[in-house]
Structures are given as C-alpha cells and as structure tokens.
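**Student:** build the 3D model from these lines:
(chains A and B)
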2 protein chains.
Amino acid sequence: MPPSPRSTVRRLPEQARYDAETVAAVLDAGVVAHVGIVHEGAPVVIPMAYARVGDTVYVHGSTASRMMRALKTGDAVCVTVTIVDGIVLARSAFNMSMNYRSVVIQGRARPVTDAPERMTAFRAIMDHVVPGHWETVRPPNDVELRQTLVTAVGLDEVSAKVRVGPPDDDADDVGRPIWAGEIPLDTVPGPPIADAAVPPGITMPASVSGYARAFGSARPR
Amino acid sequence: MPPSPRSTVRRLPEQARYDAETVAAVLDAGVVAHVGIVHEGAPVVIPMAYARVGDTVYVHGSTASRMMRALKTGDAVCVTVTIVDGIVLARSAFNMSMNYRSVVIQGRARPVTDAPERMTAFRAIMDHVVPGHWETVRPPNDVELRQTLVTAVGLDEVSAKVRVGPPDDDADDVGRPIWAGEIPLDTVPGPPIADAAVPPGITMPASVSGYARAFGSARPR
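**Tutor:** Predicted structure coming up:
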C-alpha cells in the first residue's frame, strides 16, 4: 500500500516503513494505543486497549466514555502505537534519540454494530493483551455488550517508523572524549499475582503462567 | 487546581486524581508523551520526548517536523503520558482492565522563543530521559538551536487517572472456577551498549552506569 500524502513520513524518512508486515508487527507487539480525536475543535488523546485483525484495528470502550461517544461514523481518528526499545545517547545533546517502533494510523471511525464483528473485536482485544486468555473467562453477556461501544479503523493511511542501533553523531563529535551508546529498555512481566478470592483448587491458566510478551525477542536489531 | 469541565474525568471517576503531586509524579515517571494536534481538521498523534518543569511541559522537535511546524501560538494541543503497570485479568472478559497511571493535558501551544527558556527546555528534556546526563555531553550550538522548535504547554487543564490493585469482578462472578489476578509489567533498562567508536579510556558516566528508571519502585500499591 503506497503512502498517501499525509501518511508519508517527512521527518527522518530513512526510519519510515510502509510495508504491511512491519505495520502488523508493531501493532501486534504494542500494549496500548493512544487514540486521538477532535472534540469541540480540540485534540483529545486517550490510552486504550486495542487489537489488529487483518487490516482493521479495533478499540472498545464504555458507552459512558466521552471518547467513545464522540466517535461518530466518519469522524477523523488517529491511532498511534509506540514501543520504546532504548535511549540513544550521542556525544551531543542535539543527537540524543530513542530506539523505538511506532505506527500512526489516520482514518475514519466506523462504529461496529454487527453482533459477530463486535464479538470478534472483544475476543481479539483480550487475546491481543493476553494471548489465549479468552478461552478461560466468562464471555460478555447481552447487558455488557449493550454497555460497550466498538470502533474500527482501517489500515488504509498508515506509516511505521523504526529506529535501531547506535547514536548518529556528527563527524566532528565522534573524536570527543564523551561516552556514547544505548540504554536498552524492555517491558518485562513480573510474577502473576492471584486475586485473594481465587479458590485453592483453581490453577493459573497457561495464558498467564506462560505469559511472555515478546518485546525483547521481537526487538529489531 | 480544580478541574475544568473538559478536564473532569467522567469515565471511572474513582480513578481520577487532580492533585499537582500525582500529576507531577506521573509526568516525571513517563518516558515519551503522545502529543495530539488538529491538522487540516484531523487529529494527529505523535510520540515525543518531553519534560516537566514546574507547571509547564516542554516538547521539542526539528523545524523539519510537520508536528512542530503545525504548532502555532494558541493552537489546541493534548499531551498524554501513560505508564502501564500491569494487566488486570478478571473472571469476565468485560472486566479485563489495566493497572496504569496516565496524565492528559489539554492546552494551547506556546512556542518558546526566549533563548534561556529554550536552553532550560533542552536541558530538562535530556535530564528527564537520563537524569544528570546533560553535564556529560556537548550542549547545543547556535546552528542546532536554530534547527529546533520548542513548544510549552501549561498544566492548567490536566487530569490524572490511576488504577491499582486486583480485578473488580461482579459479585456473581467471584465464585466461578476461573483464575483472576494481575500480571505486573515493568519497564526495565538492560546493560548499556557503548558505541563502537568510544575510545577505551572513556568510561561510562554515572548517569548511564547508575541508570535505573524508577518505574518499579514508583509504582503505586
């Protein structure tokens, strides 16, 4: 999919990627999306759980959420997912950077009203956050489904940016007696904490005991 | 500072905080901000380095950046900082949640043109990302300063949301034979990687060797 004028990365275009594989990999590795809308003329950016299914990204939220209520059919929306992989320390303050992967989707909101597609979105969002966990929980009932709005955004105008590797210092700075390099950052899950009311006979499902968000191993090098 | 109508959290108001200490603590613990603007009628959300100085948040970027060029005096801007502390797994899909800390600032862009304030912002942003590192690097020169736009946003309309603790299941679900609990998530720095061109005599500064982003210890409990 060639980029549109507004999805073409101008700043540091050498970090831009437009291939579907890179876009999907970043979206699948992220935890939360930052969803932006225009509300009464001003931008509003809220962190939300999300999932990618094919070339669609779903977000869902309460019917009591202003963000969700504001998302009408055809409204412009921006969904941005960022994973910070490290801090890049150059010899100069100016060339400080981050190693990161990000995806910016610009599109139009499509409220999802079809019952099977809504259930697909619910399941995808849980399985995005904790793969395989959907099978272990009570699925949404009719009351809960009525209390939830689901919005879809197509991956039509989308760009990724990926930075990897060492600092990019000016030639004049490389000889200076200044340390330079990278501090890697990973998102690491800790030991799961069972709710106090879980009965002794209930063991942790494999989706939890085996949870290992593949941030580290999925990091580009 | 009492919240304005638009900075009053409607959804899950029991998670809302408006005190300056909580707002400052979340802003100081985050790594990147997601900055939203309205460009040609549509929202655009971009991850950016930032820093808080008192009741001001600074972001900076290249004069070649569309985001930065689009930020004119008085333009509406939203700066959102999110730290995900864990995944909250309930007995029902509907009550899946995250433990997190977030701050949403709605305000107006103020381009920073005063030279001392610009240098304050540069220094603050580097020291936010890696405390104390500014002292070890070459500061920006006049050419670099001219290539950089700095924007300030005041903490006038700001809200924080903080969720901690176990899942909040419906009473009817607690007795079900389903595991529930939390998977904590931390952002963890790895061993620093020196740039290949750093001469053998140059040792890692304390800002790098002692780098320990206090996500874990700063987590609310």
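**Student:** residues contacting A:V23?
**Tutor:** Counting by C-beta atoms under 8 Å, 6 or more residues apart in numbering or on different chains, A:V23 makes contact with A:17, A:103, A:155, A:158-160. (C-beta placed from N, C-alpha, C; glycine too.)
**Student:** so A:R11 sits against B:T63, correct?
**Tutor:** No - applying C-beta atoms under 8 Å as the test, A:R11 and B:T63 come out as separate, 9.9 Å apart.
**Student:** can you pull out the helices in chain A?
**Tutor:** With helices called from DSSP state H, chain A shows them at A:20-29, A:66-70, A:115-129, A:142-146, A:171-174, A:206-209, A:215-218.
**Student:** now stretch A:79-94: average pLDDT?
**Tutor:** Averaged across stretch A:79-94, the pLDDT comes to 97.
**Student:** list the buried residues of that stretch.
**Tutor:** Neighbour-count burial for stretch A:79-94 flags A:79-94 (criterion: 16 or more other C-beta atoms under 10 Å in any protein chain shown).
**Student:** next, count neighbours for A:E117.
**Tutor:** By the criterion of other C-beta atoms under 10 Å in any protein chain shown, A:E117 has 16 neighbours.
**Student:** so the strand ranked longest in chain A versus strand B:76-89, what angle?
**Tutor:** When chain A is parsed with DSSP state E, its longest strand is strand A:76-89. Going by axes from the mean of the first three to the mean of the last three C-alpha atoms, to 10 degrees, strand A:76-89 is angled at 80 degrees with respect to strand B:76-89.
**Student:** adjacent strands (with direction) for strand A:76-89?
**Tutor:** strand A:33-39 (antiparallel), strand A:97-108 (antiparallel), strand A:181-189 (antiparallel) (DSSP bridges).
**Student:** which outside residues touch the shortest one?
**Tutor:** Applying C-beta under 8 Å, 6+ apart, the set of residues contacting strand A:33-39 from outside is A:43-50, A:57, A:59, A:66-67, A:70-71, A:75-82, A:109, B:34, B:36, B:38, B:41-45, B:47, B:78, B:80, B:82.
**Student:** just the buried members of those residues?
**Tutor:** Judged by 16+ other C-beta under 10 Å, buried ones among the contacts of strand A:33-39: A:43-50, A:57, A:59, A:66-67, A:71, A:75-82, A:109, B:34, B:36, B:38, B:42-45, B:47, B:78, B:80, B:82.
**Student:** show me where pLDDT drops low in chain A?
**Tutor:** A:1-2, A:214-221 (pLDDT under 70).
**Student:** neighbours of the nearest residue to A:G132 once chain neighbours are set aside, how many?
**Tutor:** The shortest distance from A:G132 to any non-neighbouring residue, by C-beta to C-beta, 6 or more residues apart in numbering or on different chains, is to A:S207 (4.1 Å). Counted with other C-beta under 10 Å, residues neighbouring A:S207 total 20.
**Student:** so what's A:S207 up against?
**Tutor:** A:130-133, A:135-136.
**Student:** same question for A:P199.
**Tutor:** Contact partners of A:P199, counting by C-beta under 8 Å, 6+ apart, are B:P177.
**Student:** neighbours of A:A115, how many?
**Tutor:** 10.
**Student:** oh, that last question was meant for A:P167, not what I typed.
**Tutor:** 20.
**Student:** how close does A:A109 get to chain B?
**Tutor:** Between A:A109 and chain B the computed distance is 11 Å (C-beta to the nearest C-beta, to the nearest Å).
**Student:** any idea how far B:D169 is from that residue?
**Tutor:** 31 Å (C-beta to C-beta, to the nearest Å).
**Student:** and if you look at A:M126?
**Tutor:** Distance, A:M126 to B:D169, using C-beta to C-beta: 15 Å.
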